[in-house]
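Enquirer: Next one to model:
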Amino acid sequence: MTQPMPILRRLTLAAASLFALSGPSLAETQWVLPSAYPPANYHVENLNAFAKDVDTATKGALKITVYPSASLFKAPDIKRAVQTGQAQVGEVLLSLHENENPVFGLDVVPFLATSFEQSKKLWAASKPAIAKALDGQGLKLLYATPWPPQGIYTKKDLNTVSDMKGLKWRAYNVGTSRIAELVGAQPVTIQAAELPQALATGAVDGLMTSSATGVDSKIWESLTHYYDTQAWLPKNVTFVSKKAFAALDPATQKAVEEAAAAAEARGWKLAEDKTAAYMATLKEHGMTVAAPSADLKKGLSEVGDKLTQDWLAKAGADGAAIVDAYKKM
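Expert: Sure, this is the predicted structure:
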């Protein structure tokens, strides 16, 4: 059953629509762009720069307002909001939607791509298929930005994967849920905006995420250890409603595409530049930051092999072709 939209959200969207139509002196087009991440996060920083570039290039003809911190829609709802016209543009963690199409979960297959260089190659190999899948859902892909490599946070020592058994494990997509299943942890579905509260209340005491999310959520207030497993580099994708994009004149469409290309390049650089700083911040706040032991790394690699086979079984020949193309790069 479709849940009614909260009153505040309805008023916010209505105000944006009224502002866009409020008179001939305001000829510009107004778009809203929801994101699930806090204003200080570099993904949101990049979204704001993208919006500013569009505003400048179009001389104010197209204005994009970014709404961070899941203030308009929760993370799993953003994509649907753009598909249904409640927002014109959106940014999501792509793997949230792996259940719709396996290709959306390729970048979170553990240990398939474990560095920024490898992740760029994986994106190049998978981008056409992802763009096609989004197109079939009424969306136009604009750009992708990676997160730092994923590690494991806990409040105890981890020497082998058996030490993960019984952890209240944060799950936010198919892959993280499956990891919990394979290591004997208890999956708890928690999205980014809900993570600080989940940590504070003890609803979660183990998770695999980036150094960026650790800093965003002040994870040192609840957990003590970070194991730099570099399991995968997930990506956020930013897309626009095909209907909204088609309503633009050709010059404005070109400005959006050029701003998106600049945002992708800037986003990858931001991710790389900020990773070391995030790691330093974790250490500064007293967290034990360490590489995984040989035994833990071996066990996680076995989990990764299993998840790779799971993904290939779901994705079929098309998925295998993408992986083969990536490995040849």
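Enquirer: Only C-alpha atoms from now on, for both contacts and neighbour counts.
Expert: Noted.
Enquirer: neighbours around Q88, how many?
Expert: 23 (other C-alpha atoms under 10 Å).
Enquirer: I meant D324, not that one.
Expert: Neighbours of D324 under the rule other C-alpha under 10 Å: 12.
Enquirer: ok, now how distant is the nearest residue to L233 once chain neighbours are set aside from A51?
Expert: Leaving aside its chain neighbours, L233 sits nearest to P149 (4.7 Å; criterion: C-alpha to C-alpha, 6 or more residues apart in numbering). Computed as C-alpha to C-alpha, to the nearest Å, the P149 to A51 distance reads 27 Å.
Enquirer: Next up, the contacts around G206.
Expert: When the contact criterion is C-alpha atoms under 8 Å, 6 or more residues apart in numbering, the partners of G206 are I152, Y153, T154, K155, L167, K168, W169, R170.
Enquirer: Swap in 6 Å and give it another go.
Expert: Shown in contact with G206 (C-alpha atoms under 6 Å, 6 or more residues apart in numbering): Y153, T154, L167, K168, W169.
Enquirer: what about it, distance to T275?
Expert: From G206 to T275 the distance is 21 Å (C-alpha to C-alpha).
Enquirer: which stretches of the chain have low pLDDT?
Expert: Within the chain, the ranges that satisfy pLDDT under 70 run 1-27.
Enquirer: In space, not sequence, find me the middle residue of it.
Expert: In the chain, the residue lying closest to the centroid (C-alpha atoms, centre = their mean) is L93, at 2.4 Å.
Enquirer: quick one: that one and N236 touch, right?
Expert: Yes - using C-alpha atoms under 6 Å, L93 is in contact with N236, at 4.2 Å.
Enquirer: before we move on, the earlier item: so if I had to pick from P149 and A51, which one is more boxed in?
Expert: Of the pair P149 and A51, P149 is the one with more neighbours under other C-alpha under 10 Å, namely 25 against 22.
Enquirer: State the distance from that one to I219.
Expert: From P149 to I219 the distance is 16 Å (C-alpha to C-alpha).
Enquirer: could you show me where the strands are in the protein, in order?
Expert: Ranges of strands in the chain, per DSSP state E, are 29-34, 62-67, 89-93, 139-146, 150-154, 168-171, 186-189, 206-210, 225-227, 235-241, 288-290.
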